[in-house]
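# Fold the following, please.
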Amino acid sequence: MLDHVLAPHFLWMLWDGFLVTLAISFLTIIFATLLGFLIAIAQKSDIKVIQQLINSYTAIFRYSPLLPQLFFWYFGIGNLLPLEFKLWLFDEPQIELGIITIKMPSFEFIIGLVALTLYSSAFIAEEFRAGISGVRRDQEQASLALGFTWWQTMRYIVLPQGCRIAFPPLIGQYMNVIKNSSLTMAIGVLELSYVSRQVETESLKTFQDFAIATFLYIVAVAIVGTAGNIYQTNFLNRERII
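Residues are numbered from 1 along each chain as shown. Here you go, the predicted structure:
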């Protein structure tokens, strides 16, 4: 019976890969949300050049697959970085901050984070744009007529409602971030999918290995979806009722 169960050290390998998946996904969600929000605000600009640049940015990242983008950043842009810097990252140095020691992430992790952030921010920006567009135009015009500046109108009238409208689709994008993180295995990020391949090669227990990996992905996605639903039910819907 025990022959059909993965050895403990294989389970720990999968757990370590799962933690890397959570780390790169969580950081991507934060950075991509901030960048996507700024892009959505920039799309409201009356300057044509800015609008064209933003539209080009979102088109490039939304209409091209993520995997070639990962290769572009890793093999293309990565080769433009100073050799000394890359060797420093490959050694995974530690930074001493008093009593706290911070271990620098690997070069592959950083490149994967950059690629995922830029790719995801284009989709998140579209969700914010759709939410802002869902706010009735006459509310913006009324606030301007009352003497609000454009920034005050966005801050107090448009953005609170727009973000509330965009929140449910954003949760879907955050789930996609977790699933898309599996592609970073192609550039050597030691996340769950990469480790699963290692475990499968060493243990020769394909079903058990990928069943556990799949379960862990489902757990991560379910946590994001559940947290989003709880926040929407207990906070956003309550504010709407008030």
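# which residue ranges form the strands in this protein?
With DSSP state E as the criterion, the chain has strands at 94-97, 100-103.
# Where among those is average confidence lowest?
Looking at those, the lowest mean pLDDT belongs to strand 94-97 (a mean of 62).
# Show me the helices in this protein, by range?
8-42, 48-62, 66-71, 78-80, 83-90, 107-133, 137-145, 150-153, 159-180, 192-203, 206-231, 237-241 (DSSP state H).
# and residue 168, what does it touch?
For residue 168, the contacting residues are 228, 232, by Cβ atoms under 8 Å, 6 or more residues apart in numbering. To be clear about C-beta, it is placed using only N, CA and C from the backbone, and glycine gets the same treatment.
# go again using 7 Å as the cut-off
residue 232 (Cβ atoms under 7 Å, 6 or more residues apart in numbering).
# ok, back up a step: determine which stretch of the helices of the chain is the most buried.
Stretch with highest mean neighbour count among the helices of the chain: helix 107-133 (a mean of 22; mean count of other Cβ atoms under 10 Å).
# Would you agree residue 70 is in contact with residue 185?
No. Residue 70 is not in contact with residue 185 according to Cβ atoms under 7 Å; the separation is 9.6 Å.
# With mean pLDDT as extra columns, can I get the helices of the chain in a markdown table?
Output for the helices of the chain, formatted as a markdown table (pLDDT from 0 to 100):
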| stretch | mean pLDDT |
| --- | --- |
| helix 8-42 | 93 |
| helix 48-62 | 90 |
| helix 66-71 | 94 |
| helix 78-80 | 76 |
| helix 83-90 | 72 |
| helix 107-133 | 92 |
| helix 137-145 | 78 |
| helix 150-153 | 78 |
| helix 159-180 | 90 |
| helix 192-203 | 91 |
| helix 206-231 | 90 |
| helix 237-241 | 54 |
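# Give the full set of residues in contact with residue 174.
Taking Cβ under 7 Å, 6+ apart, one finds 29, 224 in contact with residue 174.
# hmm, try it at 10 Å
25-26, 28-29, 32-33, 120, 124, 221, 224-225, 227-228 (Cβ atoms under 10 Å, 6 or more residues apart in numbering).
# Looking at those, which one is closest to residue 167?
When the contacts of residue 174 are ranked by distance to residue 167 (Cβ to Cβ), residue 228 comes first, at 7.4 Å.
# so what's the closest one closest to, chain neighbours aside?
Of all residues not flanking residue 228 in the chain, residue 171 sits nearest, at 3.6 Å (Cβ to Cβ, 6 or more residues apart in numbering).
# So that neighbour sits against residue 178, correct?
No. Between residue 171 and residue 178 there is no contact under Cβ atoms under 10 Å: 11.3 Å.
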